[in-house]
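1. give me coordinates for this.
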Amino acid sequence: MISIEDAIQIIKKHSTVQPKSTIKTIEKACGYFLAEDISSPIDIPSFNQSAMDGYALHYHDQPTYKVIGEVKAGDSWNPKLDKGECVRIFTGAAVPNDANTVIMQEKVSVDNDLIKLEATITEGKNIRYRGEQLQKNEIALSKGTKITPAVVGLLYSLGINEVSVFKKPSIVIISTGNELLQINDSLSHGKIYESNSKMLLSCLYSLKFYDVTTYVIKDNYHEILKSVKTSIDSCDILITTGGISVGKYDFIRSVLDEIGVDALFFKIDQKPGKPIFYGKKNDTQIFALPGNPAAALICFYMYVYVALQNFMGKKIVELPKIKAQLTHSFFKKGDKPQFLKAKYTNRKVEILDGQSSAMLQTFAISNALVYIPKQIKEIKKDDLVEVIVLPV
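-> Just a heads-up that it's a prediction; the model follows:
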């Protein structure tokens, strides 16, 4: 049995792979990470651009200007302006080459084709100059940048419609147990509806991992062996849930040993989720999570999440941790480090009731985990505790 810290370090070390890249169109690239630097192919803006509706002036030292026309966004007209001349201009329109300042429309009075300035203005105002945001060949986005909607917008503004991104892993989830029924089955005595595979699938989808296959298998050694062996040969990450403890019908560890999986650790000194296995076979990573739903979900967030982020070359691979004031006193039972379902709001956190590893109802209203180290027994109200912020 190893510590939480050692388990995370082992996963970081062994989930670091040489990322493979693939080409994605921009509209399908959100959630991926750039596999190379992106250089700007153009200046942004690509012309001097008006920052507001108003008048583009060829500046002189008099308050009156003659209006010789107008330029709206999208116009290619580039009129010649002598000193004292101007054009009516609109936000985003190209500023004529001879214009050297723009005054907003609210700060002038208009008399036919003449305007009079009613505010002091200097040269260079209210113009977005060519290359002000990005210059041609400048690095616009660095390798490893996560593609977000804002990144999509920037890439399109650069005229780029496809990029090289790190591939996401292919994932298989296997949920085991004789007691498990599908949602359309009639619930009978001693049976439960299978939820772990759906819960973990939803976690992966919410994190934008979509290459996922799920299986639900009875506690039959040969069926589990066949499914696990086939999955290891076909995916990058295998996640099993259930059957990893030491019961008569807990077959996962024996199956992994028979297949020749290299066990990197088995059992972590923590509560809940002690019986967790991590190993590798060739290039496939294998996580065997507990069958209790809350324990499985905590292990996913603490350990599987790290491997997923590391697989894609992300620099920060753990969930964010912050310090927050506990809203009540708390006494920890037992001598293990604990992850406790909690509600975090405005730098304060409440440890919720219903901490059993089998209980999901409390987890359903949680947005964080409170981590209580091994040596801590009692926490007083308003003491600072470590909070792990869960993805939303």
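2. could you pull out the strands for the stretch 51-200 of the chain?
-> 54-57, 64-71, 85-89, 101-104, 108-111, 114-117, 127-128, 139-141, 162-166, 171-176, 180-181, 192-193 (DSSP state E, counting those that start in this stretch).
3. now for the longest one, which elements pack on it?
-> Judged by 3 or more CB pairs under 8 Å, 6 or more residues apart in numbering; DSSP states H and E, strand 64-71 is in contact with strand 54-57, strand 85-89, strand 114-117. Every residue, glycine included, has its C-beta placed from N, CA and C.
4. switch the cut-off to 6 Å
-> On a contact count with 3 or more CB pairs under 6 Å, 6 or more residues apart in numbering; DSSP states H and E, strand 64-71 meets strand 85-89, strand 114-117.
5. one more: the fifth one?
-> With contacts taken as 3+ CB pairs under 6 Å, 6+ apart, strand 108-111 sits against strand 114-117.
6. give me the distance from the strand it packs on to the chain's centre.
-> Relative to its chain's centre, strand 114-117 lies at 52 Å (CA atoms, centre = their mean, to the nearest Å).
7. just the buried residues of it, please?
-> Buried residues in strand 114-117, defined by neighbour count with 16 or more other CB atoms under 10 Å: 115, 117.
8. do the same with stretch 23-35
-> By 16+ other CB under 10 Å, the buried positions in stretch 23-35 come out as 24, 26, 29, 32-35.
9. list just the nearest of those residues to M312.
-> Closest approach to M312 among the buried residues of stretch 23-35 (CB to CB): F33, at 5.1 Å.
10. quick one: average pLDDT of stretch 56-71?
-> Averaged across stretch 56-71, pLDDT comes to 96.
11. then stretch 295-305?
-> Regarding stretch 295-305, the rounded mean pLDDT is 97.
12. and if you look at stretch 231-250?
-> What stretch 231-250 shows for mean pLDDT is 92.
13. pull the distance from that stretch to the chain's centre.
-> 27 Å.
14. got it, and stretch 81-91?
-> Here the centre of mass of C-alpha atoms in stretch 81-91, compared against the chain's by CA atoms, centre = their mean, lies 46 Å away.
15. who touches it?
-> The contact list for stretch 81-91 (CB atoms under 6 Å, 6 or more residues apart in numbering) reads 50, 52-53, 55-58, 60, 65-73, 96, 98-99.
16. what subset of the residues you listed is buried?
-> 50, 52-53, 55-58, 65, 67-68, 70-71, 96, 98-99.
17. quick one: which of the helices and strands packed on strand 64-71 is nearest L141?
-> The closest of the helices and strands packed on strand 64-71 to L141 is strand 85-89. By CB to CB, the value is 31.3 Å.
18. send the alpha carbons of that closest one over as CSV?
-> Taking Å, rounded to 0.1, in the frame of the first residue of the first chain, the C-alpha atoms of strand 85-89 are listed here in CSV:
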residue,chain,number,x,y,z
GLU,A,85,-10.2,67.1,-44.5
CYS,A,86,-12.0,64.1,-43.0
VAL,A,87,-14.3,61.2,-43.7
ARG,A,88,-17.3,59.9,-41.8
ILE,A,89,-16.1,56.5,-40.5
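19. partner strands of that strand, with direction?
-> strand 54-57 (antiparallel), strand 64-71 (parallel) (DSSP bridges).
20. returning to that earlier point: looking at the strands of the stretch 51-200 of the chain, which is closest to D262?
-> Closest approach to D262 among the strands of the stretch 51-200 of the chain (CB to CB): strand 171-176, 18.1 Å.
21. can you pull the buried residues of the closest one?
-> Using 16+ other CB under 10 Å as the test for burial, strand 171-176 gives 171-176.
22. and it, what does it pack against?
-> Here strand 171-176 touches helix 196-206, strand 212-217, strand 237-241, going by 3+ CB pairs under 6 Å, 6+ apart.
23. JSON lines for the strands of the stretch 51-200 of the chain, including distance to I365?
-> JSON lines is the format used below for the strands of the stretch 51-200 of the chain (distance: least, CB to CB, whole Å):
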{"stretch": "strand 54-57", "distance to I365": "52"}
{"stretch": "strand 64-71", "distance to I365": "56"}
{"stretch": "strand 85-89", "distance to I365": "54"}
{"stretch": "strand 101-104", "distance to I365": "50"}
{"stretch": "strand 108-111", "distance to I365": "58"}
{"stretch": "strand 114-117", "distance to I365": "60"}
{"stretch": "strand 127-128", "distance to I365": "47"}
{"stretch": "strand 139-141", "distance to I365": "38"}
{"stretch": "strand 162-166", "distance to I365": "34"}
{"stretch": "strand 171-176", "distance to I365": "24"}
{"stretch": "strand 180-181", "distance to I365": "25"}
{"stretch": "strand 192-193", "distance to I365": "20"}
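24. between the ones you listed, which one is nearest to G243?
-> Comparison of these against G243 by CB to CB identifies strand 171-176 as nearest, at 4.3 Å.
25. for stretch 13-30, output the C-alpha coordinates as CSV.
-> Output in CSV follows, covering the C-alpha atoms of stretch 13-30 (Å, rounded to 0.1, in the frame of the first residue of the first chain):
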residue,chain,number,x,y,z
LYS,A,13,5.9,9.2,-14.6
HIS,A,14,4.2,6.3,-16.4
SER,A,15,1.4,8.2,-18.2
THR,A,16,3.9,10.5,-19.9
VAL,A,17,3.9,9.2,-23.4
GLN,A,18,5.2,10.6,-26.7
PRO,A,19,2.0,12.3,-27.8
LYS,A,20,0.7,11.5,-31.2
SER,A,21,-0.7,14.3,-33.3
THR,A,22,-3.6,14.5,-35.7
ILE,A,23,-5.1,17.2,-37.9
LYS,A,24,-8.5,18.6,-36.8
THR,A,25,-10.7,21.2,-38.5
ILE,A,26,-11.1,24.2,-36.1
GLU,A,27,-14.8,23.6,-35.4
LYS,A,28,-14.0,20.1,-34.2
ALA,A,29,-10.8,21.0,-32.3
CYS,A,30,-12.3,22.5,-29.1
